[in-house]
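Asks: Show me how the following folds:
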Amino acid sequence: MIKSSIRIHENDNVAVLIKDGTKGEEITVGDLSVTLTENIPAGHKAALRDIADQENIVKYGNPIGRATEPVQKGSWLHSHNVKTNLSGTLDYTYVPKVSQIESAKESLTFQGYKRPNGEVGIRNEIWIINTVGCINKSAELLASMANKELSENDEVDGVFHFPHPFGCSQLGDDLTNTQQVLSSLVHHPNAAGVLVMGLGCENNTISSFNEVLGEKANGKVLYLGAQDVEDEIEEGLNRINELVEFANKFKREPIPLSELKIGLKCGGSDGFSGITANPLVGSFSNRLISHGGTTILTEVPEMFGAEKLLMERAENESVFHNTVKLVNDFKEYFLGYDQPVYENPSPGNKDGGITTLEEKSLGCVQKGGSAPVVDVLDYAQRVKKKGLNLLQGPGNDMVSVTNLSAAGAHMVLFTTGRGTPFGGPVPTVKISTNTKLAEKKKRWIDFNAGPFVEGTPLEELTDSLLDSIIEWASGTKKTRNEDYNFKEIAIFKDGVIL
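Replies: Numbers count the residues shown, from 1 in each chain. Sure, this is the predicted structure:
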């Protein structure tokens, strides 16, 4: 039986409506009986008692803002009568509450590709990484023609290009961001071969980009300057054929689950995100880490208001201070552009029941489960440590998934209550927060977390999600974004354009 409402934490003074509530309807929350004073949409909050003006609204056991007027028991709590408590940067004290994840007793594997440098891929693709946006269409044409030349005997999952508008007319950190993302993508083990394609007159020349690239990734990188050759398409096809020959040497083989790296992302969140999909992903994150694997959490602005829950799980004091810097530096980024740090949630989030940034953040960080934070990474920096990593970067969906991919995520788990067709350069698993969305958008959604409020135990859903992830990683099943070739990148822009 589906409940009509849920109280997430015993200290909460609100309940979340599981289905639309109508004025005069009585809802039962534990021992409490509350009569709704107005119509309240599903995913939104109802007051469980009278709440005074300026009193904190508590959800997930933590304040998510304060009332801006007296609120009667049974009333709707949302943007019209609730305000954030967030402001600028804060000082923090190191008070560790590290919880250890017990090692799994069973050994699990997936079918992956071992690369010459010791890394592992879950796809055997050829990627075209262009150093500048001027040749986006040339790269698109080249990928299209190269895919037509692949035969059934080739062990290649496809040739892909990732258009972007940058690489020229950029200065300083802005250019560095572009080079860092593209460099990390070149190193990604899902690509058995990479063609780095430049124009020839851009800031991000092949030679300067090669310096950023550093050590060669698997000996699989070839280069092409479009202005240097008579026919860049013909020359590009020759180089891709060489990469295909190299990629054909790889075969899937059993790989320990400990080698899997998974990015964690939410987008188009709603009032159920922090109740169903995000706790499910957090449970999976714990499970993967118990097998020695790696998860990566980003969206720093969506840590604001919940950052202490991550700081107290820092593996050591150095990681704690790096987490403080991660959060405060991103707040300074906002303030440097005269923008408030709490300019979130989005209109769609609010329609779905999320009122303040604290509420969004407290739901968002649940994707990281309860494991210790082992490292804090710069934007698009590749993962070095197994366990839960924090990654500097904004919350924008396309930028975040690209960032996670560049950091080394083989796959990204993307929870959503509103839905999106977007996919990154790696398999992008859409997990719906509610069954209604899963049934409505079958071409978008890969997994439904909605049954959690319909009576399915979290452990059972975690088992099912883990089984599916092993199938996706092994290539026996494709994600929706792969089915429809929805594979894009977006790069964090911060600076002037010449």
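Asks: hey, let's count contacts and neighbours off CA atoms from now on
Replies: Noted.
Asks: List the contacts of the closest residue to Glu482 other than its chain neighbours.
Replies: Leaving aside its chain neighbours, Glu482 sits nearest to Pro427 (6.5 Å; criterion: C-alpha to C-alpha, 6 or more residues apart in numbering). Contacts were defined as C-alpha atoms under 8 Å, 6 or more residues apart in numbering; by that measure Pro427 touches 410-412, 472, 478-479, 481-482.
Asks: Mind jotting down where the helices sit in the stretch 151-300 of the chain?
Replies: Ranges of helices in the stretch 151-300 of the chain, per DSSP state H, counting those that start in this stretch, are 172-186, 206-213, 232-247, 277-290.
Asks: picking up where we left off before, okay, and which of the contacts of Pro427 map to strands?
Replies: Among the contacts of Pro427, the ones falling in strands (DSSP state E) are 411-412.
Asks: In CSV, list the contacts of Pro427 along with neighbour count and pLDDT.
Replies: Shown next, in CSV, are the contacts of Pro427 (neighbours: other C-alpha atoms under 10 Å; pLDDT from 0 to 100):
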residue, neighbour count, pLDDT
His410, 25, 98
Met411, 27, 98
Val412, 27, 98
Trp472, 21, 98
Lys478, 17, 97
Thr479, 26, 98
Asn481, 24, 97
Glu482, 17, 98
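Asks: Including distance to Ile129, could the contacts of Pro427 go into a markdown table?
Replies: Below are the contacts of Pro427 laid out as a markdown table (distance: C-alpha to C-alpha, whole Å):
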| residue | distance to Ile129 |
| --- | --- |
| His410 | 17 |
| Met411 | 19 |
| Val412 | 20 |
| Trp472 | 24 |
| Lys478 | 23 |
| Thr479 | 22 |
| Asn481 | 19 |
| Glu482 | 18 |
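Asks: now for the longest strand seen in the chain, which elements pack on it?
Replies: Using DSSP E to define each element, the chain has its longest strand at strand 191-198. Contact here means 3 or more C-alpha pairs under 8 Å, 6 or more residues apart in numbering; DSSP states H and E; on that basis strand 191-198 packs against strand 125-130, helix 206-213, strand 221-225, helix 232-247.
Asks: Go again with 7 Å.
Replies: Other elements packing on strand 191-198 under the criterion 3 or more C-alpha pairs under 7 Å, 6 or more residues apart in numbering; DSSP states H and E are strand 125-130, strand 221-225, helix 232-247.
Asks: Contacts only, for the residue positioned nearest the centre of the chain.
Replies: For the chain, the residue sitting closest to the mean C-alpha position, by C-alpha atoms, centre = their mean, is Lys265 at 2.3 Å. Counting by C-alpha atoms under 7 Å, 6 or more residues apart in numbering, Lys265 touches 412-415.
Asks: give me the beta-bridge partners of Pro256?
Replies: Going by DSSP bridges, Pro256 is paired in beta bridges with Thr109.
Asks: Is it in contact with Gln111, as I believe?
Replies: No: Pro256 is not in contact with Gln111 according to C-alpha atoms under 7 Å; the separation is 8.8 Å.
Asks: Between these two, which has more neighbouring residues?
Replies: More crowded of Pro256 and Gln111, by other C-alpha atoms under 10 Å: Gln111, with 22 against 16.
Asks: and that one, helix, strand or coil?
Replies: Following DSSP: H, G, I helix; E, B strand; the rest coil, we place Gln111 in the strand state.
Asks: Check Lys360 too.
Replies: Here Lys360 is helix, with the state taken from three-state DSSP.
Asks: burial count for it?
Replies: Neighbours of Lys360 (other C-alpha under 10 Å): 27.
Asks: got a pLDDT number for it?
Replies: We have a pLDDT of 94 for Lys360.
Asks: repeat for the one 3 residues further on
Replies: At Gly363 the predicted local confidence, pLDDT, stands at 94.
Asks: Now do it: how many residues are near it, please.
Replies: Neighbours of Gly363 (other C-alpha under 10 Å): 28.
Asks: same thing with Thr435?
Replies: 17.
Asks: Please apply the same query to Asp467.
Replies: Using other C-alpha under 10 Å, Asp467 is surrounded by 12 other residues.
Asks: and what of Asp231?
Replies: Neighbourhood size, Asp231 [other C-alpha under 10 Å]: 10.
Asks: now it: how far from Glu202?
Replies: 19 Å (C-alpha to C-alpha, to the nearest Å).
Asks: Likewise for Met311?
Replies: For Met311, the distance to Glu202 (C-alpha to C-alpha) stands at 41 Å.
Asks: The two: which is more packed in?
Replies: Met311 (26 against 17).
Asks: which residues of this protein score low on pLDDT?
Replies: Applying pLDDT under 70 to the chain flags residues 1-2, 215-219.
Asks: Would you map out the domains in the protein?
Replies: Listed by automatic domain parsing, the domain ranges of the chain are 5-83, 125-249, 256-483.
Asks: Take the ones you listed and write them to a markdown table, including distance to Ser103.
Replies: A markdown table is the format used below for those (distance: least, C-alpha to C-alpha, whole Å):
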| stretch | distance to Ser103 |
| --- | --- |
| domain 5-83 | 28 |
| domain 125-249 | 26 |
| domain 256-483 | 4 |
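Asks: Show me the one of these that comes nearest Glu102.
Replies: Closest approach to Glu102 among the domains of the chain (C-alpha to C-alpha): domain 256-483, 5.9 Å.
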